[in-house]
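here is my input; please provide its structure:
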Amino acid sequence: MAFVNLDKYDLSVKAARVNANLTQKEMAEKLNISTPTLIAYESGANEIPTLILVEIAKIGRVPVDLLLNNLLKDNE
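From the prediction side, this is the model:
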């Protein structure tokens, strides 16, 4: 499984979740991951598997390329 290894996931991942009007618990359930795992993705403590990042974009109704561009920008 490929991973996106970038810092500062918090703004983009959290923004996608908030855009979908979901709590962390609700988003984690939709992604079939634990709430602590989602919190770790949002804080940048854990790497985000690429497939999970794509699902976050879908659920958050944001283009995956925009989400990736934001993550890349945050890492510069």
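
pLDDT-wise, which helix or strand of this protein ranks last?
The weakest-scoring helix or strand in the chain, judged by mean pLDDT, DSSP states H and E, is strand 3-4 (a mean of 44).

please, where are all the helices along this structure?
10-19, 24-31, 35-43, 50-60, 64-75 (DSSP state H).

tell me what the second one is packed against?
Okay, so that is helix 24-31. Helices and strands touching helix 24-31, as assessed by 3 or more CB pairs under 8 Å, 6 or more residues apart in numbering; DSSP states H and E, comprise helix 35-43, helix 50-60. No exception for glycine: its C-beta is placed from N, CA and C like everyone else's.

which among the ones you listed is found nearest to residue 22?
helix 50-60 (7.3 Å; CB to CB).

quick one: mean pLDDT for the closest one?
Summarised as a single mean, pLDDT over helix 50-60 is 92.

and that helix, C-alpha only, in CSV?
Backbone C-alpha positions of helix 50-60 (Å, rounded to 0.1, in the frame of the first residue of the first chain) are rendered in CSV as follows:
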residue,chain,number,x,y,z
THR,A,50,-3.1,6.8,-0.5
LEU,A,51,-6.4,4.9,-0.7
ILE,A,52,-7.5,6.5,2.5
LEU,A,53,-6.5,10.0,1.2
VAL,A,54,-8.6,9.3,-1.9
GLU,A,55,-11.6,8.3,0.3
ILE,A,56,-11.2,11.4,2.5
ALA,A,57,-11.4,13.5,-0.7
LYS,A,58,-14.5,11.7,-1.9
ILE,A,59,-16.3,12.0,1.4
GLY,A,60,-15.2,15.6,1.9
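
list the buried residues for stretch 37-47?
38-42, 44, 47 (16 or more other CB atoms under 10 Å).

what does stretch 50-57 give?
Here stretch 50-57 shows 52-53, 55-57 as buried, counting by 16+ other CB under 10 Å.

dump the helices and strands packed on helix 24-31 into a markdown table; add distance to residue 23 as well.
Below are these laid out as a markdown table (distance: least, CB to CB, whole Å):
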| stretch | distance to residue 23 |
| --- | --- |
| helix 35-43 | 9 |
| helix 50-60 | 13 |
